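> Make a model of this:
(chains A, B, C and D)
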There are 2 protein chains.
Amino acid sequence: MTPLPAESAEPTTGRSRKLNATSYVVLGMLSYGPATSYQLKQRIGLTIGNFWAFAHSQLYDEPARLVAAGLVSQTTEQGGRRKRTYSITDQGREALAEWLAEPTLEQTEVRDTGLLKLFFGMGASPEDIRRLARDRYQSHRARADGYIQQRAEIEARADRWQLKTLELGMRYERTVEKFWKDFMEELDRDPP
Amino acid sequence: MTPLPAESAEPTTGRSRKLNATSYVVLGMLSYGPATSYQLKQRIGLTIGNFWAFAHSQLYDEPARLVAAGLVSQTTEQGGRRKRTYSITDQGREALAEWLAEPTLEQTEVRDTGLLKLFFGMGASPEDIRRLARDRYQSHRARADGYIQQRAEIEARADRWQLKTLELGMRYERTVEKFWKDFMEELDRDPP
DNA sequence: CGAATCATGTAATGGGTTACATGATTCA
DNA sequence: TGAATCATGTAACCCATTACATGATTCG
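From the prediction side, this is the model:
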């Protein structure tokens, strides 16, 4: 039995808990200005939520954790619901900046049920495969069209980097849309 | 070491728990033949794991749950480790087939830390942005090259659908690789 | 005014991530 | 024969998902 390491006394603030992607999304959104959980939900839903979704309950839990870590402060409204508004602290800005300065080597995860089903196509009927291709084609086409719509709407007030993010989103959706379209045509030429 | 006869302890019926993507990946991999958790890990690591990763502990937990649901059976080896080998049951095949026959309308999740950082680029220094672009370019380029490698290796024994999956993976990686390359050039022309 | 939708939260559960642990095999 | 790596598993914690709940506002 190895002796336990001495417990360093303080949780206090800062440097304690490890931040994850959700944390940085919340910090990032708060870096544009204070917000309630609902406002975070909206900001995210219109932007990042297009490719990386968060349940609304996460946006109630995570700010609370960040407050405990000292990266966010909160003010509680007087009155019925005692609504909480969150602001990023200097410490929070620092954490965000550190994250942005880190190397970014993680593998991108593409959680696409359609891709999974395609992989297991051997167990599917020809009609299943056709339906899959149609579903995914329409789904990605719709999202690509949505991005175009969105760009028109936000072009004025979005910054350069936000527009770039949107551009990658569009390129991605168009690529996948085209894949499924090509695949549908292949299925016609060479039926399973 | 001689395998024991399949344990048919059968905790009554299936239909109980709701299956998720992990479940179907395990079922799908077992549909090619019985496997231990480690073998599942390998099969997945070479294929689906390229875009949708699973911790190895999930591949120990999930089969156990599927056994409880009656969708998978297990045999336990005699000897030191009492290694477990899993097989898909008829009920499991049925569940897999039902899944493949369902509509596929879920939103694809692209969990890409690089995209997140790009979105919050306003808070980053010019050097951060350049580094980000370089990191992501190299990362996606490497994966795209890996796919080409892989295709050469498996072309003989992979089925049509598996090769198609790989093709989409390649198209995706090339698209993203190109985005970051274009972006790097844009940064040279028009520095932040 | 009532219904629908917006807005704000909590609770329970399941499961994904990380860390720990160690037996078995390979190979220098 | 010792170190490294392969292989197999468990445990704890954190967090994501889902369901529940209800006050506030809008609009027909």
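
> Give me every residue in chain A lying close to DNA strand C.
Residues of chain A lying near DNA strand C by Cβ under 7 Å from any atom of the strand: A:36-39, A:42, A:56-57, A:60, A:81-84. All C-beta atoms are positioned from the backbone trio N, CA, C, and that covers glycine.

> can you pull out the helices in chain A?
Counting by DSSP state H, chain A has helices at residues A:21-30, A:37-46, A:58-68, A:90-101, A:113-119, A:126-154, A:160-189.

> check the residues of chain A next to DNA strand C against DNA strand D, which are close?
Among the residues of chain A next to DNA strand C, proximity to DNA strand D is found for A:56-57, A:81 (Cβ under 7 Å from any atom of the strand).

> so can I have JSON lines of these showing neighbour count?
Shown next, in JSON lines, are these (neighbours: other Cβ atoms under 10 Å in any protein chain shown):
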{"residue": "A:56", "neighbour count": "13"}
{"residue": "A:57", "neighbour count": "10"}
{"residue": "A:81", "neighbour count": "7"}
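
> mind giving me the domain ranges of chain A?
A:21-100, A:113-189 (automatic domain parsing).

> Contacts only, for residue A:77.
The contact partners of residue A:77, taken as Cβ atoms under 8 Å, 6 or more residues apart in numbering or on different chains, are A:83-85.

> what's residue A:52 sitting at in phi/psi?
Main-chain torsions, residue A:52, degrees, to the nearest 10: phi -140, psi 100.

> my guess is it meets residue B:113, correct?
No: contact criterion Cβ atoms under 8 Å: residue A:52 and residue B:113 do not qualify, at 9.5 Å.

> which neighbours do the two share?
Joint contacts of residue A:52 and residue B:113 (Cβ under 8 Å, 6+ apart) are residue A:21.

> Grab the most central residue of chain A for me.
Residue closest to the mean C-alpha point of chain A, counted by Cα atoms, centre = their mean, is residue A:52 at 2.7 Å.

> which ones are touching whichever residue of chain A sits closest to DNA strand C?
Here chain A gets closest to DNA strand C at one residue, residue A:38, 2.2 Å apart by Cβ to the nearest atom of the strand. Neighbour list for residue A:38: residue A:56 [criterion: Cβ under 8 Å, 6+ apart].

> sorry, back to before: quick check, nearest of the residues of chain A next to DNA strand C to residue A:163?
Here the nearest of these to residue A:163, counting by Cβ to Cβ, is residue A:42; it sits at 19.1 Å.

> got CSV for the domains of chain A, with mean pLDDT too?
Putting the domains of chain A into CSV (pLDDT from 0 to 100) gives the following:
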stretch, mean pLDDT
domain A:21-100, 95
domain A:113-189, 96
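
> can you list these in a markdown table and add distance to residue B:124?
Formatted as a markdown table, these follow (distance: least, Cβ to Cβ, whole Å):
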| stretch | distance to residue B:124 |
| --- | --- |
| domain A:21-100 | 4 |
| domain A:113-189 | 8 |
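
> right, so of those, which gets closest to residue B:134?
Nearest of the domains of chain A (Cβ to Cβ): domain A:21-100, 14.2 Å.

> Span of that closest one from start to end?
Domain A:21-100 has an end-to-end distance of 12 Å (Cα to Cα, to the nearest Å).

> Kindly report the same for stretch A:28-44.
In stretch A:28-44, first residue to last residue: 10 Å (Cα to Cα).

> Work out the gap between that stretch and the centre of the chain.
The chain centre lies 13 Å from the centre of stretch A:28-44; the measure is Cα atoms, centre = their mean, to the nearest Å.

> Okay, buried residues for it please.
For stretch A:28-44, the buried set under the neighbour-count rule, 16 or more other Cβ atoms under 10 Å in any protein chain shown, comprises A:28-31, A:35-37, A:39-41, A:43-44.

> go on, stretch A:78-96?
For stretch A:78-96, burial by neighbour count (16+ other Cβ under 10 Å) applies to A:86-89, A:91-92, A:95-96.

> what does chain A put close to DNA strand D?
Checking chain A against DNA strand D by Cβ under 7 Å from any atom of the strand, the hits are A:17-18, A:20-22, A:53-58, A:61-62, A:65, A:79-81.
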